[in-house]
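Asker: Predicted model and sequence follow; I will ask about them next.
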Amino acid sequence: MKIDCQLNGKPKEFYVSSDIPLLQLLTEYAHISTLHPDCGKGMCGNCIVLLDDLPVLSCLIPAFEIRGRQITTLERFQKTRDYTDIIKGFERTDSMPCSYCFSSKILLAHGIISRNVSPEPDEILQTYSIHACTCLDVSQIVKAVAQAGTYRGRRRRYARRK
């Protein structure tokens, strides 16, 4: 089946079985290297990508669902100001994720603070409950995401003043 989508800001065509997982499409056909899936069943959380700017577990999304949609992986997201806000938040709180889960934890943070730059701890914990890596304590994640939200909020306020 022919599947057209936007991958990291560029139009792409894939000729694949319609029911293969997005994860497989990204790793085997698009050669995305920042995903580190462990389970392929939605249990580890290490396959998170942005689908139309929302974090999703790519192992649970069949390829046919991406037709005409925008997929963003860490490779593209790292080139944005939104990424800078998040990295500053993690660095400021000395809470950098390990290299194994880095991509997914960063994209989850983006999903949270895109909706609300002042998220409640419960919202952060609920969102991160789909991620199994324990390289950071939950209190570190809450502090890092809250700090990233502060940076994002400041940048947005500054941009509106101009």
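Answerer: It's in.

Asker: When you work out contacts or count neighbours from here on, use the C-alpha atoms and nothing else.
Answerer: OK.

Asker: Sticking with the spatially closest residue to residue 51 that is not a sequence neighbour, tell me its helix or strand.
Answerer: The shortest distance from residue 51 to any non-neighbouring residue, by CA to CA, 6 or more residues apart in numbering, is to residue 71 (4.7 Å). In this assignment (DSSP states H and E), residue 71 forms part of strand 70-72.

Asker: Does residue 121 touch residue 142 like I think?
Answerer: Yes. The pair residue 121 / residue 142 is scored as a contact, 5.9 Å apart, by CA atoms under 8 Å.

Asker: Comparing the two, which shows the higher neighbour count?
Answerer: residue 142 (23 against 16; other CA atoms under 10 Å).

Asker: dump the residue contacts of that one.
Answerer: Going by CA atoms under 8 Å, 6 or more residues apart in numbering, residue 142 touches 121, 124-125.

Asker: roughly how far is the lowest-mean-pLDDT helix or strand in the chain from the heart of the chain?
Answerer: Sorting the helices and strands of the chain by mean pLDDT, DSSP states H and E puts helix 138-161 at the bottom, at a mean of 90. Per CA atoms, centre = their mean, to the nearest Å, the displacement of helix 138-161 from the mean C-alpha position of its chain is 16 Å.
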